[in-house]
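Visitor: Please find the sequence and the predicted model below.
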Amino acid sequence: MNVRVLGLLLALGSTIALCGCARPFTRERYETVRVGDSEAQVRLAIGDPAERLYQQWFYDDLDRNYSAVIHFDREGKVRGKEWMDARKGIWEGRDPDSPSPPPEGTVIEKRTTTTIIDED
């Protein structure tokens, strides 16, 4: 076999191996996803999701402790996204169907307990 052809095959094999090891789901790639993007555009940007539930795609990188959720409308277009980084304590974005969060310091739930003591 020609040395030149062998070198070309080795270079091609190395390139394919390196591309296969690349992590498509990163913060940088997540940032390229925009509202209005199609499912195909999201798949090209950050790869296939770990899970799909209704119109939500879930992505995880357990080694780096971050995850994301991409929310789609019925036509398959992005309508919102969330980024969560457990190491840094970051949660950005929100589910478009969820109500707006209350102002900081607002009590949204209060519980009381009543005990009746019977003297009989």
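Guide: Good, I have the coordinates. Predicted model only: the values in this text are computed from it and were never measured.
Visitor: After the helix or strand bottoming out on mean pLDDT in the chain, which helix or strand is next? Please name it.
Guide: For the chain, using mean pLDDT, DSSP states H and E, the weakest element among its helices and strands is helix 3-21, scoring a mean of 53. Next along the chain after helix 3-21, taking DSSP states H and E as the criterion, comes helix 27-31.
Visitor: Show me how far that following helix is from its chain's centre.
Guide: 10 Å (Cα atoms, centre = their mean, to the nearest Å).
Visitor: quick one: buried residues of it?
Guide: Arg29, Tyr30 (16 or more other Cβ atoms under 10 Å). Where C-beta positions appear, they are placed from N, C-alpha and C, glycine not excepted.
Visitor: Excluding its own residues, what touches it? List them.
Guide: Ala45, Ile46, Tyr59, Tyr66, Ala68, Lys81, Trp83, Asp85 (Cβ atoms under 8 Å, 6 or more residues apart in numbering).
Visitor: Now do that helix, average pLDDT.
Guide: Taken as a whole, helix 27-31 has a mean pLDDT of 95.
Visitor: For that helix, C-alpha coordinates in PDB please.
Guide: Only the C-alpha atoms of helix 27-31 are listed here, as PDB (Å, rounded to 0.1, in the frame of the first residue of the first chain):
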ATOM      1  CA  ARG A  27     -23.100  26.000  27.400                       C
ATOM      2  CA  GLU A  28     -21.700  27.700  24.300                       C
ATOM      3  CA  ARG A  29     -23.800  25.500  21.900                       C
ATOM      4  CA  TYR A  30     -26.900  26.000  24.200                       C
ATOM      5  CA  GLU A  31     -26.500  29.700  23.800                       C
END
